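Chemist: Provided below for reference: sequence and predicted model.
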Amino acid sequence: MLDRKFHVRTFGCQMNAHDSERIAGLLETDGMQHTDVEAEADVVVLNTCCIRENADDKLYGSLGWLKPWKEAREGRQIVVAGCLAQKDREIVRQKAPHVDVVMGTHNVHRTTELLRTARDRGAVTEIFDEAVLDDHALFPSALPARRETSYNAWVTIQIGCDNTCAYCIVPSVRGKEISRSADEIVDEVRMLVLSGVTEVTLLGQNVNSYGRDLALAARKAGSTETKLRPQFASLLSRVADIEGIRRVRYTSPHPKDMTLDVLQTMGAKSTICEHLHYPLQSGSDRVLSLMHRGYTAQKYLDRLAEARSTIDDLAVSTDIIVGFPGESEDDFQQSMEIAAEAEFDSAYLFIFSPREGTTAAEMTDHFVEPSVAGERFDRMKVVLDRSAVRKHRARIGLLEEVVVEGRNKRDPDMFTGRTRQNKLVHFTAEDQLRVGTFGMVEITDAARFHLSGVLREVTHLPTHRVRLPVQAAI
Ligand code: SAH
Ligand code: SF4
Ligand code: F3S
(Lines give C-alpha, C1' and ligand atoms only; values in the text may rest on other atoms or scores of the structure.)
(Ligands and ions follow the chains in the order given, each with its own letter.)
Protein backbone atom coordinates (compact mmCIF):
# COMPACT_ATOMS: atom_id res chain seq x y z
CA MET A 1 0.00 0.00 0.00
CA LEU A 2 3.09 2.21 -0.24
CA ASP A 3 2.60 5.80 -1.43
CA ARG A 4 -1.12 5.43 -1.41
CA LYS A 5 -3.09 8.37 -0.10
CA PHE A 6 -6.40 8.50 1.71
CA HIS A 7 -9.02 11.11 2.41
CA VAL A 8 -11.76 10.84 5.04
CA ARG A 9 -14.96 12.83 4.79
CA THR A 10 -16.98 12.94 7.99
CA PHE A 11 -20.69 13.59 8.41
CA GLY A 12 -22.60 13.78 11.70
CA CYS A 13 -21.56 14.17 15.32
CA GLN A 14 -18.37 13.99 17.39
CA MET A 15 -18.69 10.20 17.68
CA ASN A 16 -18.22 9.98 13.94
CA ALA A 17 -15.50 12.61 13.90
CA HIS A 18 -13.67 10.60 16.54
CA ASP A 19 -14.15 7.33 14.62
CA SER A 20 -12.75 9.12 11.56
CA GLU A 21 -9.60 9.98 13.49
CA ARG A 22 -9.21 6.28 14.27
CA ILE A 23 -9.85 5.19 10.69
CA ALA A 24 -7.20 7.70 9.59
CA GLY A 25 -4.84 6.47 12.33
CA LEU A 26 -5.24 2.87 11.20
CA LEU A 27 -4.59 3.76 7.56
CA GLU A 28 -1.50 5.77 8.48
CA THR A 29 -0.18 2.94 10.62
CA ASP A 30 -0.66 0.76 7.58
CA GLY A 31 1.65 3.01 5.57
CA MET A 32 -0.79 5.26 3.77
CA GLN A 33 -0.63 9.04 3.72
CA HIS A 34 -3.38 11.47 4.54
CA THR A 35 -4.39 14.07 1.97
CA ASP A 36 -6.81 16.97 2.27
CA VAL A 37 -7.41 16.86 -1.47
CA GLU A 38 -9.93 14.22 -2.44
CA ALA A 39 -8.81 14.29 -6.08
CA GLU A 40 -5.30 13.16 -5.03
CA ALA A 41 -6.51 10.24 -2.94
CA ASP A 42 -6.44 6.52 -3.72
CA VAL A 43 -8.88 5.71 -0.95
CA VAL A 44 -11.84 7.86 0.02
CA VAL A 45 -13.69 7.05 3.23
CA LEU A 46 -17.16 8.50 3.73
CA ASN A 47 -18.02 8.25 7.42
CA THR A 48 -21.76 8.67 7.36
CA CYS A 49 -24.57 9.87 9.58
CA CYS A 50 -28.29 9.06 9.42
CA ILE A 51 -29.73 11.23 12.18
CA ARG A 52 -31.90 13.16 9.73
CA GLU A 53 -33.08 12.55 6.19
CA ASN A 54 -30.82 15.07 4.47
CA ALA A 55 -27.83 13.04 5.71
CA ASP A 56 -28.87 10.22 3.32
CA ASP A 57 -29.17 12.66 0.43
CA LYS A 58 -25.70 14.01 1.14
CA LEU A 59 -24.16 10.53 1.05
CA TYR A 60 -25.77 9.40 -2.17
CA GLY A 61 -24.88 12.74 -3.75
CA SER A 62 -21.21 12.25 -2.84
CA LEU A 63 -21.22 8.66 -4.08
CA GLY A 64 -22.52 9.78 -7.47
CA TRP A 65 -19.63 12.21 -7.74
CA LEU A 66 -17.13 9.52 -6.70
CA LYS A 67 -18.02 7.16 -9.56
CA PRO A 68 -16.03 9.06 -12.24
CA TRP A 69 -13.35 9.70 -9.57
CA LYS A 70 -12.92 5.96 -9.09
CA GLU A 71 -12.91 5.19 -12.81
CA ALA A 72 -10.21 7.81 -13.43
CA ARG A 73 -7.43 5.82 -11.77
CA GLU A 74 -6.71 2.10 -11.37
CA GLY A 75 -6.81 0.80 -7.80
CA ARG A 76 -8.93 3.54 -6.27
CA GLN A 77 -11.21 2.39 -3.46
CA ILE A 78 -14.30 3.82 -1.76
CA VAL A 79 -15.26 3.00 1.82
CA VAL A 80 -18.66 3.81 3.29
CA ALA A 81 -18.53 3.64 7.09
CA GLY A 82 -20.60 4.96 9.99
CA CYS A 83 -24.24 5.10 11.01
CA LEU A 84 -25.89 5.20 7.60
CA ALA A 85 -23.87 2.15 6.52
CA GLN A 86 -24.98 0.41 9.73
CA LYS A 87 -28.61 1.29 9.00
CA ASP A 88 -28.79 0.80 5.22
CA ARG A 89 -26.33 -2.10 4.78
CA GLU A 90 -27.04 -3.69 1.43
CA ILE A 91 -28.97 -0.63 0.23
CA VAL A 92 -25.71 1.32 0.01
CA ARG A 93 -24.31 -1.29 -2.34
CA GLN A 94 -27.50 -1.47 -4.38
CA LYS A 95 -27.60 2.30 -4.82
CA ALA A 96 -23.85 2.58 -5.41
CA PRO A 97 -22.36 -0.71 -6.66
CA HIS A 98 -18.97 0.99 -7.14
CA VAL A 99 -18.42 1.13 -3.34
CA ASP A 100 -15.59 -1.24 -2.30
CA VAL A 101 -16.13 -1.52 1.45
CA VAL A 102 -19.34 -1.00 3.42
CA MET A 103 -18.61 -1.27 7.14
CA GLY A 104 -20.66 -0.60 10.27
CA THR A 105 -20.09 1.41 13.43
CA HIS A 106 -18.64 -1.59 15.30
CA ASN A 107 -16.16 -2.44 12.52
CA VAL A 108 -13.86 0.60 12.59
CA HIS A 109 -10.94 -1.52 13.87
CA ARG A 110 -11.23 -3.72 10.75
CA THR A 111 -10.72 -0.91 8.20
CA THR A 112 -7.36 -1.94 6.75
CA GLU A 113 -8.21 -5.63 6.56
CA LEU A 114 -11.45 -4.89 4.76
CA LEU A 115 -9.64 -2.71 2.23
CA ARG A 116 -7.23 -5.56 1.53
CA THR A 117 -10.05 -8.09 1.22
CA ALA A 118 -11.85 -5.80 -1.24
CA ARG A 119 -8.67 -5.39 -3.29
CA ASP A 120 -7.98 -9.14 -3.42
CA ARG A 121 -11.47 -10.56 -3.60
CA GLY A 122 -13.85 -7.77 -4.60
CA ALA A 123 -16.39 -5.59 -2.83
CA VAL A 124 -17.10 -6.43 0.81
CA THR A 125 -19.78 -5.56 3.37
CA GLU A 126 -19.09 -6.16 7.06
CA ILE A 127 -21.50 -4.98 9.71
CA PHE A 128 -21.37 -6.28 13.27
CA ASP A 129 -24.69 -5.90 15.06
CA GLU A 130 -23.18 -5.20 18.45
CA ALA A 131 -19.87 -4.30 19.96
CA VAL A 132 -18.16 -7.23 21.67
CA LEU A 133 -17.91 -6.30 25.33
CA ASP A 134 -14.40 -7.42 26.08
CA ASP A 135 -12.89 -6.30 22.82
CA HIS A 136 -11.15 -3.06 23.69
CA ALA A 137 -10.46 -2.27 20.07
CA LEU A 138 -14.16 -1.47 19.84
CA PHE A 139 -13.67 1.68 21.88
CA PRO A 140 -12.41 4.03 19.21
CA SER A 141 -10.05 5.66 21.71
CA ALA A 142 -8.13 2.39 22.02
CA LEU A 143 -7.09 2.46 18.35
CA PRO A 144 -4.27 4.53 16.86
CA ALA A 145 -5.42 7.99 15.92
CA ARG A 146 -4.65 10.70 13.46
CA ARG A 147 -6.04 13.57 15.47
CA GLU A 148 -7.19 16.61 13.52
CA THR A 149 -5.80 18.96 16.14
CA SER A 150 -2.87 18.41 18.46
CA TYR A 151 -3.77 20.49 21.52
CA ASN A 152 -7.22 19.01 22.17
CA ALA A 153 -8.64 15.53 21.94
CA TRP A 154 -11.86 13.59 22.20
CA VAL A 155 -11.95 10.67 24.58
CA THR A 156 -14.73 8.11 24.32
CA ILE A 157 -16.07 7.15 27.73
CA GLN A 158 -19.10 5.24 26.54
CA ILE A 159 -20.45 3.87 23.29
CA GLY A 160 -24.09 3.25 22.32
CA CYS A 161 -27.26 4.48 23.97
CA ASP A 162 -29.87 2.71 26.13
CA ASN A 163 -32.49 5.45 25.88
CA THR A 164 -35.57 5.26 23.71
CA CYS A 165 -36.17 8.83 22.53
CA ALA A 166 -39.03 8.31 20.08
CA TYR A 167 -37.46 10.25 17.20
CA CYS A 168 -33.92 8.93 17.47
CA ILE A 169 -32.11 6.37 15.30
CA VAL A 170 -28.88 6.39 17.33
CA PRO A 171 -29.64 3.40 19.60
CA SER A 172 -30.33 1.22 16.58
CA VAL A 173 -27.11 2.17 14.77
CA ARG A 174 -24.76 2.53 17.74
CA GLY A 175 -25.98 -0.39 19.84
CA LYS A 176 -26.41 -0.72 23.56
CA GLU A 177 -24.61 1.44 26.08
CA ILE A 178 -21.18 0.19 27.08
CA SER A 179 -18.93 2.18 29.41
CA ARG A 180 -15.19 2.09 29.30
CA SER A 181 -13.34 1.53 32.56
CA ALA A 182 -12.50 4.73 34.43
CA ASP A 183 -8.87 3.65 34.88
CA GLU A 184 -8.47 3.22 31.14
CA ILE A 185 -9.99 6.64 30.47
CA VAL A 186 -7.76 8.31 33.06
CA ASP A 187 -4.69 6.54 31.61
CA GLU A 188 -5.57 7.72 28.14
CA VAL A 189 -5.99 11.33 29.27
CA ARG A 190 -2.63 11.13 31.11
CA MET A 191 -0.95 9.91 27.92
CA LEU A 192 -2.61 12.68 25.91
CA VAL A 193 -1.40 15.29 28.40
CA LEU A 194 2.13 13.87 28.15
CA SER A 195 1.96 14.41 24.39
CA GLY A 196 1.03 18.07 24.94
CA VAL A 197 -2.77 17.93 24.88
CA THR A 198 -4.28 20.57 27.18
CA GLU A 199 -7.99 20.08 26.52
CA VAL A 200 -10.12 16.93 26.41
CA THR A 201 -13.79 16.37 25.65
CA LEU A 202 -15.30 13.24 27.17
CA LEU A 203 -17.70 11.70 24.68
CA GLY A 204 -20.84 9.62 25.10
CA GLN A 205 -24.47 9.75 23.92
CA ASN A 206 -25.71 9.90 27.50
CA VAL A 207 -22.73 10.63 29.73
CA ASN A 208 -24.74 10.90 32.95
CA SER A 209 -25.44 7.20 32.88
CA TYR A 210 -21.72 6.45 32.49
CA GLY A 211 -20.72 3.46 34.59
CA ARG A 212 -24.19 2.07 35.26
CA ASP A 213 -23.36 -1.02 33.20
CA LEU A 214 -19.97 -1.38 34.91
CA ALA A 215 -21.63 -1.32 38.33
CA LEU A 216 -24.19 -3.90 37.20
CA ALA A 217 -21.45 -6.17 35.90
CA ALA A 218 -19.49 -5.80 39.15
CA ARG A 219 -22.56 -6.68 41.18
CA LYS A 220 -23.20 -9.75 39.03
CA ALA A 221 -19.61 -10.76 39.61
CA GLY A 222 -20.28 -10.76 43.36
CA SER A 223 -19.25 -7.30 44.51
CA THR A 224 -21.48 -6.10 47.34
CA GLU A 225 -19.97 -2.66 47.62
CA THR A 226 -20.80 -1.30 44.22
CA LYS A 227 -23.87 0.89 44.27
CA LEU A 228 -25.94 0.95 41.13
CA ARG A 229 -25.56 4.66 40.66
CA PRO A 230 -23.95 6.43 37.75
CA GLN A 231 -20.30 7.22 38.20
CA PHE A 232 -19.91 10.18 35.88
CA ALA A 233 -19.20 12.77 38.59
CA SER A 234 -16.30 10.78 40.00
CA LEU A 235 -14.87 10.13 36.53
CA LEU A 236 -15.14 13.83 35.69
CA SER A 237 -13.42 14.70 38.93
CA ARG A 238 -10.54 12.26 38.30
CA VAL A 239 -10.00 13.60 34.78
CA ALA A 240 -10.17 17.21 36.01
CA ASP A 241 -7.43 16.50 38.57
CA ILE A 242 -4.93 15.11 36.08
CA GLU A 243 -1.75 17.15 36.27
CA GLY A 244 -1.27 19.33 33.19
CA ILE A 245 -4.85 19.30 31.93
CA ARG A 246 -6.21 22.84 31.46
CA ARG A 247 -9.69 22.35 30.04
CA VAL A 248 -12.15 19.48 30.44
CA ARG A 249 -15.44 19.33 28.52
CA TYR A 250 -18.04 16.63 27.99
CA THR A 251 -21.02 15.91 25.78
CA SER A 252 -23.88 14.98 25.86
CA PRO A 253 -25.66 14.81 29.17
CA HIS A 254 -29.36 13.90 29.39
CA PRO A 255 -31.56 16.18 31.53
CA LYS A 256 -33.43 13.21 33.02
CA ASP A 257 -30.22 11.74 34.43
CA MET A 258 -28.44 14.95 35.42
CA THR A 259 -27.41 14.70 39.06
CA LEU A 260 -26.37 17.39 41.50
CA ASP A 261 -22.97 15.77 42.07
CA VAL A 262 -22.05 16.36 38.39
CA LEU A 263 -22.98 20.04 38.70
CA GLN A 264 -21.08 20.33 41.97
CA THR A 265 -18.01 18.74 40.41
CA MET A 266 -18.24 21.22 37.54
CA GLY A 267 -18.50 24.08 40.00
CA ALA A 268 -15.64 22.87 42.18
CA LYS A 269 -12.98 22.00 39.58
CA SER A 270 -11.35 24.93 37.87
CA THR A 271 -10.27 22.80 34.89
CA ILE A 272 -13.87 21.90 33.92
CA CYS A 273 -15.14 24.48 31.46
CA GLU A 274 -18.18 26.61 32.24
CA HIS A 275 -20.25 25.18 29.45
CA LEU A 276 -23.17 22.79 29.61
CA HIS A 277 -24.87 21.30 26.57
CA TYR A 278 -28.34 20.62 27.89
CA PRO A 279 -30.73 19.29 25.22
CA LEU A 280 -34.29 20.55 25.80
CA GLN A 281 -35.88 19.07 22.62
CA SER A 282 -39.33 20.50 23.47
CA GLY A 283 -40.89 22.77 26.07
CA SER A 284 -44.27 21.05 26.03
CA ASP A 285 -44.80 18.34 28.64
CA ARG A 286 -47.16 16.52 26.30
CA VAL A 287 -44.57 16.43 23.51
CA LEU A 288 -41.74 15.59 25.93
CA SER A 289 -43.76 12.61 27.08
CA LEU A 290 -44.49 11.53 23.48
CA MET A 291 -40.76 11.82 22.87
CA HIS A 292 -40.05 9.57 25.93
CA ARG A 293 -37.68 12.16 27.32
CA GLY A 294 -38.42 11.43 30.99
CA TYR A 295 -38.61 15.04 32.28
CA THR A 296 -41.06 17.92 32.30
CA ALA A 297 -40.30 21.47 31.19
CA GLN A 298 -40.40 22.63 34.82
CA LYS A 299 -37.97 19.92 35.91
CA TYR A 300 -35.67 20.95 33.09
CA LEU A 301 -35.79 24.61 34.15
CA ASP A 302 -35.30 23.75 37.84
CA ARG A 303 -32.15 21.72 37.10
CA LEU A 304 -30.93 24.47 34.82
CA ALA A 305 -31.36 27.03 37.62
CA GLU A 306 -29.47 24.68 39.93
CA ALA A 307 -26.68 24.38 37.35
CA ARG A 308 -26.43 28.15 37.03
CA SER A 309 -26.34 28.68 40.79
CA THR A 310 -23.74 25.92 41.29
CA ILE A 311 -21.41 26.84 38.41
CA ASP A 312 -20.25 30.45 38.13
CA ASP A 313 -20.61 32.11 34.74
CA LEU A 314 -22.11 29.06 33.03
CA ALA A 315 -22.91 29.07 29.32
CA VAL A 316 -25.69 26.74 28.19
CA SER A 317 -26.36 25.33 24.74
CA THR A 318 -29.21 23.10 23.67
CA ASP A 319 -30.90 21.01 20.98
CA ILE A 320 -34.53 21.70 20.03
CA ILE A 321 -36.79 19.83 17.62
CA VAL A 322 -39.83 21.53 16.08
CA GLY A 323 -42.64 19.72 14.26
CA PHE A 324 -42.53 16.49 16.26
CA PRO A 325 -45.63 14.41 15.33
CA GLY A 326 -48.67 15.77 17.16
CA GLU A 327 -47.00 19.08 18.12
CA SER A 328 -49.85 21.61 18.20
CA GLU A 329 -49.54 25.39 17.97
CA ASP A 330 -50.09 25.45 21.71
CA ASP A 331 -47.27 22.91 22.32
CA PHE A 332 -45.01 24.96 20.11
CA GLN A 333 -45.87 28.16 22.00
CA GLN A 334 -44.80 26.40 25.19
CA SER A 335 -41.48 25.46 23.57
CA MET A 336 -40.94 29.09 22.62
CA GLU A 337 -41.71 30.22 26.16
CA ILE A 338 -39.38 27.69 27.79
CA ALA A 339 -36.63 28.46 25.27
CA ALA A 340 -36.98 32.18 26.02
CA GLU A 341 -36.95 31.55 29.75
CA ALA A 342 -33.91 29.28 29.56
CA GLU A 343 -31.88 32.01 27.80
CA PHE A 344 -29.54 29.75 25.87
CA ASP A 345 -26.14 30.94 24.69
CA SER A 346 -26.50 28.85 21.56
CA ALA A 347 -28.77 26.19 20.14
CA TYR A 348 -29.02 23.57 17.44
CA LEU A 349 -32.49 23.73 15.99
CA PHE A 350 -33.95 20.86 13.96
CA ILE A 351 -37.14 20.12 12.08
CA PHE A 352 -38.40 16.64 12.98
CA SER A 353 -37.27 14.13 10.40
CA PRO A 354 -38.93 10.67 10.45
CA ARG A 355 -36.38 7.87 10.72
CA GLU A 356 -37.58 4.43 9.74
CA GLY A 357 -37.64 2.04 12.68
CA THR A 358 -38.21 4.73 15.34
CA THR A 359 -41.57 5.00 17.11
CA ALA A 360 -42.10 8.61 15.99
CA ALA A 361 -41.79 7.58 12.33
CA GLU A 362 -44.93 5.46 12.81
CA MET A 363 -47.04 8.40 14.05
CA THR A 364 -47.84 9.31 10.43
CA ASP A 365 -51.43 10.38 11.25
CA HIS A 366 -50.00 13.15 13.40
CA PHE A 367 -47.20 14.42 11.18
CA VAL A 368 -46.96 18.20 11.13
CA GLU A 369 -47.29 19.83 7.69
CA PRO A 370 -43.81 20.71 6.37
CA SER A 371 -44.89 24.33 5.78
CA VAL A 372 -46.07 24.60 9.42
CA ALA A 373 -42.87 23.00 10.73
CA GLY A 374 -40.81 25.36 8.56
CA GLU A 375 -42.66 28.37 9.88
CA ARG A 376 -42.16 27.17 13.48
CA PHE A 377 -38.46 26.73 12.77
CA ASP A 378 -38.21 30.37 11.68
CA ARG A 379 -40.15 31.63 14.69
CA MET A 380 -38.09 29.58 17.15
CA LYS A 381 -34.91 30.76 15.49
CA VAL A 382 -35.82 34.37 16.27
CA VAL A 383 -36.15 33.50 19.98
CA LEU A 384 -32.87 31.55 20.04
CA ASP A 385 -30.93 34.18 18.09
CA ARG A 386 -32.21 36.92 20.38
CA SER A 387 -30.95 35.19 23.53
CA ALA A 388 -27.63 34.26 21.86
CA VAL A 389 -26.99 37.88 20.92
CA ARG A 390 -27.96 39.05 24.40
CA LYS A 391 -25.64 36.49 26.03
CA HIS A 392 -22.80 37.37 23.67
CA ARG A 393 -23.22 41.13 24.17
CA ALA A 394 -22.91 40.59 27.91
CA ARG A 395 -19.31 39.48 27.29
CA ILE A 396 -18.25 42.85 25.82
CA GLY A 397 -15.60 44.46 28.02
CA LEU A 398 -14.60 41.18 29.70
CA LEU A 399 -11.19 39.54 29.52
CA GLU A 400 -11.73 35.96 28.37
CA GLU A 401 -9.28 33.08 28.31
CA VAL A 402 -9.00 31.89 24.72
CA VAL A 403 -7.26 28.92 23.09
CA VAL A 404 -5.98 29.71 19.61
CA GLU A 405 -7.57 27.46 16.96
CA GLY A 406 -5.76 29.04 14.03
CA ARG A 407 -5.88 31.96 11.65
CA ASN A 408 -9.26 33.41 10.90
CA LYS A 409 -10.49 31.80 7.69
CA ARG A 410 -11.95 35.01 6.26
CA ASP A 411 -9.32 37.46 7.46
CA PRO A 412 -5.85 35.89 7.74
CA ASP A 413 -4.62 38.91 9.70
CA MET A 414 -6.86 37.77 12.55
CA PHE A 415 -6.90 34.68 14.75
CA THR A 416 -9.75 32.48 15.88
CA GLY A 417 -10.00 30.92 19.29
CA ARG A 418 -12.44 29.46 21.77
CA THR A 419 -13.39 30.66 25.23
CA ARG A 420 -13.98 28.39 28.21
CA GLN A 421 -17.70 28.90 27.57
CA ASN A 422 -17.12 27.34 24.13
CA LYS A 423 -17.74 30.59 22.26
CA LEU A 424 -15.82 31.36 19.09
CA VAL A 425 -13.73 34.57 19.21
CA HIS A 426 -12.14 36.33 16.26
CA PHE A 427 -9.34 38.55 17.50
CA THR A 428 -6.33 40.58 16.54
CA ALA A 429 -2.86 39.97 17.96
CA GLU A 430 0.44 41.70 17.40
CA ASP A 431 2.51 38.52 17.39
CA GLN A 432 2.36 35.22 15.57
CA LEU A 433 0.42 32.70 17.62
CA ARG A 434 0.73 28.94 17.39
CA VAL A 435 -2.37 26.80 17.47
CA GLY A 436 -2.99 25.73 21.08
CA THR A 437 -1.65 28.94 22.64
CA PHE A 438 -3.64 30.24 25.62
CA GLY A 439 -4.18 33.98 25.93
CA MET A 440 -6.41 36.62 27.46
CA VAL A 441 -8.58 38.42 24.92
CA GLU A 442 -10.54 41.58 25.65
CA ILE A 443 -13.96 41.22 24.09
CA THR A 444 -14.90 44.28 22.05
CA ASP A 445 -17.88 43.16 20.01
CA ALA A 446 -20.46 40.39 19.75
CA ALA A 447 -22.61 38.77 17.09
CA ARG A 448 -24.97 35.79 16.95
CA PHE A 449 -22.33 33.09 16.52
CA HIS A 450 -19.11 34.74 17.63
CA LEU A 451 -17.33 37.36 19.73
CA SER A 452 -14.62 39.76 18.55
CA GLY A 453 -11.68 41.05 20.52
CA VAL A 454 -8.04 41.99 20.98
CA LEU A 455 -5.35 39.77 22.49
CA ARG A 456 -3.98 41.39 25.66
CA GLU A 457 -1.62 38.70 26.96
CA VAL A 458 -0.30 35.24 26.14
CA THR A 459 -0.69 33.06 29.23
CA HIS A 460 0.49 29.61 28.11
CA LEU A 461 2.43 28.37 25.12
CA PRO A 462 1.52 25.10 23.46
CA THR A 463 3.64 22.08 24.30
CA HIS A 464 2.37 19.57 21.76
CA ARG A 465 4.78 18.35 19.15
CA VAL A 466 4.26 19.34 15.54
CA ARG A 467 2.80 16.37 13.68
CA LEU A 468 5.18 14.62 11.30
CA PRO A 469 3.72 12.38 8.63
CA VAL A 470 4.03 8.72 9.56
CA GLN A 471 6.58 7.00 7.32
CA ALA A 472 5.95 3.52 6.00
CA ALA A 473 8.22 0.86 7.45
CA ILE A 474 9.58 -0.18 4.05
N1 SAH B 1 -27.24 11.80 22.42
C2 SAH B 1 -27.41 13.16 22.14
C3 SAH B 1 -28.05 13.50 20.84
C4 SAH B 1 -27.61 12.91 19.62
S5 SAH B 1 -28.48 13.42 18.21
C6 SAH B 1 -28.35 13.70 23.14
O7 SAH B 1 -29.24 13.00 23.58
O8 SAH B 1 -28.20 14.86 23.40
C9 SAH B 1 -28.33 15.18 18.24
C10 SAH B 1 -29.64 15.90 18.16
O11 SAH B 1 -30.27 15.64 16.92
C12 SAH B 1 -30.68 15.48 19.18
O13 SAH B 1 -30.47 16.08 20.42
C14 SAH B 1 -31.95 15.95 18.53
O15 SAH B 1 -32.25 17.29 18.87
C16 SAH B 1 -31.65 15.87 17.04
N17 SAH B 1 -32.37 14.76 16.42
C18 SAH B 1 -32.21 13.45 16.66
N19 SAH B 1 -33.06 12.72 15.91
C20 SAH B 1 -33.78 13.60 15.18
C21 SAH B 1 -34.83 13.48 14.22
N22 SAH B 1 -35.31 12.28 13.87
N23 SAH B 1 -35.34 14.60 13.67
C24 SAH B 1 -34.87 15.82 14.01
N25 SAH B 1 -33.88 16.00 14.92
C26 SAH B 1 -33.35 14.91 15.50
FE1 SF4 C 1 -30.86 9.57 20.78
FE2 SF4 C 1 -32.04 10.03 23.08
FE3 SF4 C 1 -29.94 8.40 22.97
FE4 SF4 C 1 -29.58 11.01 22.60
S5 SF4 C 1 -30.31 10.03 24.49
S6 SF4 C 1 -28.72 9.34 21.37
S7 SF4 C 1 -31.46 11.60 21.55
S8 SF4 C 1 -31.94 8.03 22.06
FE1 F3S D 1 -23.77 10.72 15.32
FE2 F3S D 1 -25.21 10.81 13.14
FE3 F3S D 1 -24.43 8.52 14.10
S4 F3S D 1 -25.43 12.13 14.86
S5 F3S D 1 -24.18 8.75 16.28
S6 F3S D 1 -23.12 10.15 13.31
S7 F3S D 1 -26.44 8.95 13.27
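Modeler: Looks like it came in fine. Ligands and ions are numbered 1, 2, ... in the order given.

Chemist: Strands along the stretch 201-350 of the chain, start to end?
Modeler: Taking DSSP state E, counting those that start in this stretch as the test, the strands found in the stretch 201-350 of the chain are 247-251, 275-277, 315-322, 346-351.

Chemist: could I get these as CSV with distance to Val425?
Modeler: (Each C-beta comes from the backbone N, C-alpha and C, glycine too.) Output for the strands of the stretch 201-350 of the chain, formatted as CSV (distance: least, CB to CB, whole Å):
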stretch, distance to Val425
strand 247-251, 15
strand 275-277, 14
strand 315-322, 13
strand 346-351, 14
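
Chemist: Which among the ones you listed is found nearest to Arg52?
Modeler: Closest of the strands of the stretch 201-350 of the chain to Arg52 is strand 346-351, at 6.7 Å (criterion: CB to CB).

Chemist: what about the closest residue in space to Thr251 that isn't next to it in sequence, how many residues close to it?
Modeler: What sits nearest to Thr251 in space, not counting adjacent residues and going by CB to CB, 6 or more residues apart in numbering, is His277, at 5.0 Å. His277 sits with 19 neighbouring residues when counted by other CB atoms under 10 Å.

Chemist: If I look at His277, what pLDDT would I see?
Modeler: Turning to His277, the model gives it a pLDDT of 98.

Chemist: All further residue positions should be reported with the first residue as 665.
Modeler: Okay, residue one is now 665; in that scheme the one you just asked about reads as His941.

Chemist: so can I have CSV of the strands of the stretch 865-1014 of the chain showing distance to ligand 1?
Modeler: What follows is the strands of the stretch 865-1014 of the chain, written out as CSV (distance: least, CB to the nearest ligand atom, whole Å):
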stretch, distance to ligand 1
strand 911-915, 8
strand 939-941, 7
strand 979-986, 3
strand 1010-1015, 4
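
Chemist: Mind checking these for the one nearest to Ser859?
Modeler: strand 911-915 (15.7 Å).

Chemist: what's the average pLDDT for stretch 728-736?
Modeler: 93.

Chemist: what's in contact with that stretch?
Modeler: 702-703, 708, 740-742, 760, 762 (CB atoms under 8 Å, 6 or more residues apart in numbering).

Chemist: which two from these end up farthest apart in space?
Modeler: Maximum distance among those (CB to CB): 18.8 Å, for Ala703 and Ala760.

Chemist: more neighbours, those two?
Modeler: Between Ala703 and Ala760, counting by other CB under 10 Å, Ala760 is the more crowded of the two (19 against 10).

Chemist: ok, the more buried one - contacts?
Modeler: Contacts of Ala760 by CB under 8 Å, 6+ apart are 724, 727-728, 731, 742, 744.

Chemist: Which phi and psi values does it adopt?
Modeler: Main-chain dihedrals, Ala760, degrees, to the nearest 10: phi -140, psi 80.

Chemist: for Arg673, same thing?
Modeler: When read as degrees, to the nearest 10, the backbone of Arg673 gives phi -110, psi 120.

Chemist: my guess is it meets Leu727, correct?
Modeler: No - the criterion here is CB atoms under 8 Å, and Arg673 misses it with Leu727 at 11.0 Å.

Chemist: who touches both of the two?
Modeler: When contacts are counted by CB under 8 Å, 6+ apart, Arg673 and Leu727 have Leu710 as shared neighbours.

Chemist: So for the two, which sits in the more crowded spot?
Modeler: Applying other CB under 10 Å to Arg673 and Leu727 shows that Leu727 carries more neighbours, namely 20 against 15.

Chemist: okay but that one is in contact with Val744, surely?
Modeler: Yes - the criterion here is CB under 8 Å, and Leu727 meets it with Val744 at 7.5 Å.

Chemist: where do the contact lists of the two overlap?
Modeler: In contact with both Leu727 and Val744: 710, 760, 763, using CB under 8 Å, 6+ apart.

Chemist: Which residue is the nearest non-sequential neighbour of the closest residue to ligand 3 within the stretch 665-814 of the chain?
Modeler: As assessed by CB to the nearest ligand atom, ligand 3 sits closest to Gly676 within the stretch 665-814 of the chain, at 2.7 Å. Leaving out its chain neighbours, the residue that sits closest to Gly676 by CB to CB, 6+ apart is Cys713, at 2.7 Å.
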